[in-house]
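# with the input below, show me the fold.
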Amino acid sequence: MGHGDIPLIIDKSTFQSLSVDETMELSHCYRITQTPTMLMEILADIKKNEGSDQVIEKVKSLAHKTCLLHGMFVPTAQTLVRAELRGNPIQMDGRPVVLHGVHHDDPIGGSGIYFDEPPEFATLRRWEDGDFTTDEQILAEQWRTITHKLNIEKWKQRQTQFSSVRDLDSLRRSVNGLLASGSTAQFKMLNQLMDDLRIPPSEQQILGGKWVKFGLPDLRRCAPYTAYCISVFYTFYMGVASNLFGTKDTNRVDLDYLLYFPFTRCFSSGDAFHLKIAPLFMDQDLIIPADILKFDLASLRSQRETRTPEQHALHRQTFGNRPGDDSSSITCRLYNHLFGPPKPEPTPIPRNPEEESALVRRFNEMAERAEVSKRKQREITGDPKTEFPPPPIQPP
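Got it, this is the predicted structure:
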C-alpha cells in the first residue's frame, strides 16, 4: 500500500479514536507529520494508574499503530528554535524538518544526503514489546508530575501582564501588533519563549546575545519560526486572560501541537480547545474534526476493500494514488483543494533493461558510499537518539 500526499498532523485524541484498519487507511491517504508532543503523551501514559497492565497494553497498542503510520518525525520546538537563533534557517513550507541526514558523494561527481530509519521507530518497536528504559520511565513520571501541577486558572486570576481583548479576530491583531512593536517588545517576548521551551538560562544568554550583537533585527524576518512560536504562546496567554479559551490545564499541553503547524498542511483533533485555537494559525478548511476523519477513513477503507482487481486497476488509472473524487469525503475534498482536480495516471514509459541495470548499479554504489559516510559520522556523533520535548511550565 502506498502513502498519501496530504501532510497531516493528528493529535492523540484523533489517534486514539482510530481502529487499526482506519489507521492504515490514514497512512494511505495522508503523509503524517509525527510530533514530539504525541510521542511524549504516549510515553507518559505508562505511569497512568500506576502503570497497570491494562495501561501498558494500551501504550503497546498505540506504539504499534504509530509504526503503521510511517510518519516523518520532526525535532522538538526547543531544538528548532535553538538552531534558528544560532543562524540555521528553518523551512516553513508544510514539509517536516528531518534530522540525522548524512552527506555523501556519488560515484559520478554528484552528492546527496542519506537518511537512515529515524531512531523513533526503534523506540516504538521496543514500546510495542512493553520495553521501556529506566530513563523513559523516569521521564514519564516527571512529565505527569509536572503537568499535574499546572494551574491555569490560578495563573489567570493573578496575571496582570496580558490585557483583555474582545474576540478571536482582536486577539490575532493584538498578538501581531505586539510582534510588530519593535525590538524592546520582541526581546521580552523572546526571553519568555525561551523560558516556555525550557532552554537553559546559560544558553538563553548566548542566544539572546547573538541577536543583540547583530543589531536586534526583526525576528519575523531573521527568525520566522521563532516569531511563529512566540505568536502561539502569546495567543494562548492573551486568549486565556480574555476568557476566549478555558483554563483546563491540559490545554497547555495541547497547545504544543500548534508549534509544528509550519511543517504540515492539515490538522485533525477531537479537542474543543484545538478546534477553537487552530483556525488562528491554519485555514479552517484544512482542520478536520476527529469524528469526521474517523467516519471518512472507515468509508474509504470499505470502498477500497470491496473493489475487484479490475476496479482497482481502473481506479488507479483514473485517480492515481488519490482515494477518489467523492464530494462527500473530506479527504477527497482536501485533495482537490490542495492539488486541483484528479488527473489520469500517465501511461508508464517502457523500461529499457540496460538503463535500468545501470540505474540499479549506481543506486547500489551510492548506498555503499552513504553507509561508509554514516559509519564515519556515527563514530564522531554517536547513534541518533529519540528526542522528547521538555514538560510545559506554568504560564508567566
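# use CA for all of it now, contacts and neighbours both
Will do.
# surely Pro342 touches Asn321?
No: with contact defined as Cα atoms under 8 Å, Pro342 does not reach Asn321; the gap is 9.7 Å.
# which residues of the stretch 101-250 of the chain score low on pLDDT?
Using pLDDT under 70 as the threshold, the predicted model of the stretch 101-250 of the chain has low-confidence ranges 104, 106-109.
# can you give me the strands in it?
Listed in chain order, the strands of the stretch 101-250 of the chain (DSSP state E, counting those that start in this stretch) span residues 102-105, 111-114.
# so which of these is nearest Pro389?
Nearest to Pro389 among the strands of the stretch 101-250 of the chain is strand 102-105 (23.8 Å), distances taken as Cα to Cα.
# can you tell me the strand partners of that closest one and which way each runs?
Strand pairing for strand 102-105, using DSSP bridges, gives strand 111-114 (antiparallel).
# what distance separates the partner strand from the centre of its chain?
Using Cα atoms, centre = their mean, to the nearest Å, the mean C-alpha position of strand 111-114 is found 24 Å from that of the whole chain.
# show me which positions of that strand end up buried.
Of the residues in strand 111-114, those scored as buried under the neighbour-count criterion (16 or more other Cα atoms under 10 Å) are Tyr114.
# coming back round to it: just put the strands of the stretch 101-250 of the chain in a markdown table and tack on distance to Ala83.
Conversion of those to a markdown table gives the following (distance: least, Cα to Cα, whole Å):
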| stretch | distance to Ala83 |
| --- | --- |
| strand 102-105 | 18 |
| strand 111-114 | 19 |
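# between those strands, which one is closest to Arg301.
Across the strands of the stretch 101-250 of the chain, the minimum distance to Arg301, taken as Cα to Cα, is reached by strand 111-114, at 33.8 Å.
# go through the chain and flag its longest helix.
Longest among the helix segments of the chain by residue count, using DSSP state H, is helix 353-381.
# and it, how far out from the chain's middle?
For helix 353-381, the distance to the chain centre is 29 Å (Cα atoms, centre = their mean).
# helices and strands around that helix, which ones?
Identification of packing neighbours for helix 353-381 by 3 or more Cα pairs under 8 Å, 6 or more residues apart in numbering; DSSP states H and E yields strand 102-105.
# which residues sit against the strand it packs on?
Residues outside strand 102-105 that contact it (Cα atoms under 8 Å, 6 or more residues apart in numbering) are 111-115, 366, 369-370, 373-374, 377.
# and which of the residues you listed is nearest to Glu305?
Nearest to Glu305 among the contacts of strand 102-105, counting by Cα to Cα, is Phe115 at 33.5 Å.
# contacting residues around that closest one?
So Phe115 contacts 100-102 (Cα under 8 Å, 6+ apart).
# out of those, who's nearest Arg316?
Nearest to Arg316 among these, counting by Cα to Cα, is Gly101 at 33.2 Å.
# and the pLDDT for the residue lying farthest from the centre of the chain?
Of all residues in the chain, Glu354 has its C-alpha farthest from the mean position, at 41.9 Å, by Cα atoms, centre = their mean. According to the prediction, Glu354 has pLDDT 84.
# use 36 as the first number for this chain going forward.
Yes, from this point I'll number from 36; that puts the last item at Glu389.
# measure it to Val395 for me?
10 Å (Cα to Cα, to the nearest Å).
# just Lys95 next, same as before
As for Lys95, its distance to Val395 is 38 Å (criterion: Cα to Cα).
# these two: who's more crowded?
Regarding Lys95 and Val395, a neighbour count based on other Cα atoms under 10 Å identifies Lys95 as having more, with 23 against 12.
# name the nearest residue to that one, ignoring sequence neighbours.
The spatially closest residue to Lys95, leaving aside those adjacent along the chain, is Glu163, at 4.3 Å (Cα to Cα, 6 or more residues apart in numbering).
# ditto for Pro314
Using Cα to Cα, 6+ apart and skipping residues adjacent in sequence, the residue nearest Pro314 is Ile322, 7.5 Å away.
# pretty sure that neighbour contacts Gly305?
No: under the criterion of Cα under 8 Å, Ile322 makes no contact with Gly305, lying 10.5 Å away.
# ok, back up a step: which residues belonging to the longest helix of the chain are considered buried?
With burial defined by 16+ other Cα under 10 Å, the residues of helix 388-416 counted as buried are 401, 404-406, 408-409, 412.
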